[in-house]
Structure formats: C-alpha cells, structure tokens
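**Q** just to be clear, the model below is a prediction. Sequence and coordinates:
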Amino acid sequence: MPLQTNIVVNQDDHPGLHNQVNAVVNTLETKLNGIQDGATANDTNANLRNRGNHTGTQSADTIVDGTNNKVFTSAEKTKLAGIEAGATSGGTGGSGGTAATSEYSVKVGLTANTTVATGTSKILVWDTEEFDIGNLHNISTNGSRIVATIAGRYTITASVSFTSNATGTRHVYFNKNGSSVEIGSEIRPAVNGFATRMTATATVDLAANDYLEVGVYQTSGSTLTIESAYTNSSVFKIGGVKGDTGSTSVVYGTVQGTAAQGNDSRLSDTRTPTDGSVTNAKVSTSAAISADKLADGSSKVVMTTAERTKLAGIETGATAGGTSGSATVTSASIVAAYGTLRLFYNTGTGKYPARPSVADGYVDFYGPVEPTAANSASGNGWSTNDGWVDTTA
C-alpha cells in the first residue's frame, strides 16, 4: 500500500526538496511493507530473542547440552528403549558396560516389636531392609508390600516370633494383591513356656507390579507381641520370566552391548582378517600372496624388481667371481653380442703396427679358416702377408 503523507512540495518551486521528500517516503514505505501484520511493537530485543517467548517447534539438532540437562541422541534413545523398566544399573555386562541386573531379591524386617490382638488378622508393615536388589520394597510407601518389578516366579519366606503363651494356635500366611485368599501359610499350636517361632514359605507366579504381603493371626485369648528380633521376610525371583523355560531376553545387534545371532556375517569363516594378524601356519600353500608382503627367510630371500632386472641381463653359465675386464670370453660370444669382428696385424710392410706380443697383452682370436690369396683378393687390397684373422669365417 502506498504511504500517504501530508507533506506537499511544489516540484517547480523546489525541485531538489521534492526529490528528497520522495526518497524518504519511498524508504519508509519499503520498511513498512517488510513488517508482518500483527507484529509485536515496543518490545525489547532481549524479550524478542528469549527462546521462552517463541512458539512452534525447533529441531533438536540446534540444541546444545546444558549444565544439568543434556541433549538426547538417537543412539541413546535406541539404547534406552532396549532397557527394561526398573532395571538396576551397576552390574557388569559381557561387553564391559553396565547391564540390567538379573537378580531380584529383598529381605525386610521390623525395627520394633508390634502386637496382634487375639482372633484378629494383621498385615505386618516392614520398616527396615537388610538388602533390596531390584527395588522390590519401599519403606516410606506401602511398607507391607513386596512388589514384583518384572514378571516371573518368586519365592517368599517369612519367619515370625510370638511371645510365650500356651493357649490357642498361631498362624502365618501370605496373600497376593490384597486378596483374602491365602497363597501359602503355616499353622501350629502354641508352645508352652517358650516363644512360638514359625517359618512359612510359598512360591508363586507374579506379573509385573503384583505384590505380596505377610499376615499373622493368633487365638491365645489375649493380645500377643510379635518379636522384631526374630521376625523378617525374604523374597527372591527364580531365574526366567513367567511362563518361559528360564531363558533370558537378549538384544541382538552390531553395536556394543548386543549379541550376534548365528547368521551374523561377523561369525563367518571367510571374514577378512585384520592386517598383520595371520601366522604362517594359517596360510594355504596354494595361496597367491603378493611378494610385497613377504620377508627374507633363513634359507630363501625375496628378490626385488631391480635384482630381477639385473639377473635377466646375465647369461646362463656366466662365471661368477671375476673382476671387470678379466672374465674369460669366447669369440662366439663377442660375435653374438657385436656382430662381425676382425683383428688385423702387419708383419712389417709398414701399413699397420707390428703384431703385438703376448707380453704386450695380446689376445689372439682364431677363426676356423686361415686367410688365403683367394679371400684376400676381395678388393680390399689385403695380402696373406697382412696376416688378418676373420673370426666369422
């Protein structure tokens, strides 16, 4: 929308001022057009930049760890999803990490004596723990309950001591989830002259969050004291999960803390070994191994490319041990290497130097045919007196 102003400047009277006013108006119009309808006015930069004042969603990838709260990575989320609810940390896993406990057990007791009226059932409230592995008991909340944190088969034992009284019977029992139906009990007559001490045991299948309680009952005709020093209860989970054969849940995968399955490619015999990990005994005699990976042995050594090239340039049967210039050679080998070779000497005509003597280091080359007048008349002007020997004749 064009910006409306009350400024009127006559272009003819003030052309420069008219242009300046138009420039200012155009700038303001552009600025206003860039502000959205309903934009917040008169707020501070601090408030506008405060993330708490922003609405909508934001990618977690743009968030960094704080002092107390940390960013949750995808790998950590996957790891957490694989841990059972209520799992206890502190156990050592097979891969060196922290694993959920496989033991669930607790032993609870009383810190002080309590009483039970005759003919009345009473649920004991446990207010002390000797141990609690797996968080089966809570002293401050529902202290009478021992709760199964995971499903399974549990054994419960309770020992109770009634003060001395010779009348009636004594009764210790267990119930599940507050039911009046007993899942195990022990009943006996009172002991005359001594405290009546009893132990009851039961084994029961529990779902997660099921709970067990210990109750007492007596018919002495008066209120009796339950002696705390000899009264306690223990619960422990038998290995395995309810309804199974005792197997443990396993998380399979390829990262730390997971197990490999039988068809995992990492278990294959053809898995590529790491460099430098294979011994001589494990290498097949027919294996094609690069010479670059070989080292000199006690009786055989590795040949380099340069050594092989040098060896190829030496003829079969060459004599080793001579020094350069003194090796024994034949005329045939010279002809093979250099072609036709002739040695000329003069007997005194003056054309050529006199034939060198043996003392002068002369090496005689012999051809199969001596020079004759016939072959000396080949147009070269040599005579038999020239005494030349043709090694290729």
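**A** Happy to help now that I have it.

**Q** would you mark the buried spots in whichever strand or helix holds residue 202?
**A** For residue 202, the element it lies in under DSSP states H and E is strand 196-206. With burial defined by 16 or more other CB atoms under 10 Å, the residues of strand 196-206 counted as buried are 196, 198, 200, 202, 204, 206. (Each C-beta comes from the backbone N, C-alpha and C, glycine too.)

**Q** now stretch 138-153
**A** Burial within stretch 138-153, assessed by neighbour count using 16+ other CB under 10 Å, is assigned to 143, 144, 145, 146, 147, 148, 149, 150, 151, 152, 153.

**Q** where in the stretch 251-393 of the chain is pLDDT low?
**A** The stretch 251-393 of the chain contains residues with pLDDT under 70 at 269, 271, 320-393.

**Q** what do you get if the cut-off is 80, keeping everything else the same?
**A** 251-252, 254-257, 262-294, 298, 317-393 (pLDDT under 80).

**Q** what is the burial count for residue 53?
**A** Using other CB atoms under 10 Å, residue 53 is surrounded by 11 other residues.

**Q** how about it, what does it touch?
**A** By CB atoms under 8 Å, 6 or more residues apart in numbering, the contact set of residue 53 is residue 47.

**Q** and it, backbone torsions?
**A** Phi and psi for residue 53, reported as degrees, to the nearest 10, are phi -90, psi 0.

**Q** go on, residue 280?
**A** Backbone dihedrals for residue 280, given as degrees, to the nearest 10, come out at phi -60, psi -40.

**Q** and for it, the neighbour number?
**A** As a burial measure, the neighbour count of residue 280 was computed by other CB under 10 Å and equals 6.

**Q** elements contacting the strand holding residue 202?
**A** Counting contacts by 3 or more CB pairs under 8 Å, 6 or more residues apart in numbering; DSSP states H and E, strand 196-206 is packed against strand 152-162, strand 169-176, strand 182-189.

**Q** if you count neighbours, what's buried in the last one?
**A** If I follow you right, that is strand 182-189. 184, 185, 186.

**Q** what does the second one give?
**A** Applying a neighbour-count criterion of 16+ other CB under 10 Å, the buried positions in strand 169-176 are 170, 171, 172, 173, 174, 175, 176.

**Q** bridged to the first one, which residues?
**A** With DSSP bridges as the criterion, the beta-bridge partners of residue 170 are residue 188, residue 218.

**Q** can you give me every residue that contacts it?
**A** Counting by CB under 8 Å, 6+ apart, residue 170 touches 160, 162, 187, 188, 189, 190, 196, 198, 216, 217, 218.

**Q** export the residues you listed to TSV and append columns for pLDDT and distance to residue 34.
**A** Putting the contacts of residue 170 into TSV (pLDDT from 0 to 100; distance: CB to CB, whole Å) gives the following:
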residue	pLDDT	distance to residue 34
160	97	82
162	96	88
187	95	89
188	94	92
189	95	96
190	93	94
196	95	91
198	95	87
216	97	81
217	97	84
218	96	87
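
**Q** closest one to residue 232 out of those, please.
**A** For the contacts of residue 170, the closest approach to residue 232 (CB to CB) belongs to residue 160, at 8.6 Å.

**Q** the closest one reaches residue 226, doesn't it?
**A** Yes. Contact criterion CB atoms under 8 Å: residue 160 and residue 226 qualify, at 6.3 Å.

**Q** common neighbours of those two, please.
**A** The contact sets of residue 160 and residue 226 overlap at 124, 216 (CB under 8 Å, 6+ apart).

**Q** returning to that earlier point: of all the helices and strands packed on strand 196-206, which one comes closest to residue 278?
**A** strand 152-162 (47.1 Å).

**Q** export the closest one as CSV, just CAs?
**A** The C-alpha trace of strand 152-162 is given here as CSV (Å, rounded to 0.1, in the frame of the first residue of the first chain):
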residue,chain,number,x,y,z
GLY,A,152,8.4,-64.0,37.0
ARG,A,153,8.3,-66.8,39.5
TYR,A,154,9.1,-65.7,43.1
THR,A,155,9.6,-67.5,46.4
ILE,A,156,8.6,-65.8,49.6
THR,A,157,9.6,-66.8,53.1
ALA,A,158,8.5,-65.3,56.4
SER,A,159,9.8,-66.0,60.0
VAL,A,160,7.6,-64.8,62.8
SER,A,161,8.1,-65.0,66.6
PHE,A,162,5.1,-64.8,69.0
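
**Q** restricted to strands, list the buried residues of stretch 138-153.
**A** 146, 147, 152, 153 (DSSP state E).

**Q** what values do phi and psi take at the residue nearest to the second one when sequence neighbours are not counted?
**A** To tie it back to what came earlier, the one meant is residue 147. Nearest in space to residue 147, with sequence neighbours left out and distances taken as CB to CB, 6 or more residues apart in numbering, is residue 211 at 4.5 Å. Dihedral angles phi and psi of residue 211 (degrees, to the nearest 10) take the values phi -140, psi 160.

**Q** I figured residue 211 was touching residue 141, is that so?
**A** No. Taking contact to mean CB under 8 Å, the distance of 11.6 Å between residue 211 and residue 141 leaves them out of contact.

**Q** list the residues that contact residue 235.
**A** Taking CB under 8 Å, 6+ apart as the definition, contacts of residue 235 comprise 105, 106, 136, 146, 154, 155, 156, 157, 212.

**Q** helix or strand next in line after the host helix or strand of it, which one?
**A** When secondary structure is defined by DSSP H and E, residue 235 falls within strand 232-238. Going down the chain from strand 232-238, the next helix or strand is helix 305-312, by DSSP H and E.

**Q** other residues contacting that following helix?
**A** For helix 305-312, the external contacting residues (CB under 8 Å, 6+ apart) are residue 303.

**Q** one more time with 10 Å
**A** Among residues not part of helix 305-312, those counted as contacts by CB atoms under 10 Å, 6 or more residues apart in numbering are 291, 301, 303, 304.

**Q** rewinding a little: quick check: which of the helices and strands packed on strand 196-206 is nearest to residue 72?
**A** Each of the helices and strands packed on strand 196-206 was checked against residue 72 via CB to CB, and the shortest separation belongs to strand 152-162, namely 30.4 Å.

**Q** same for that closest one, what does it pack against?
**A** With contacts defined as 3 or more CB pairs under 10 Å, 6 or more residues apart in numbering; DSSP states H and E, the packing partners of strand 152-162 are strand 105-109, strand 169-176, strand 182-189, strand 196-206, strand 211-218, strand 224-226, strand 232-238.
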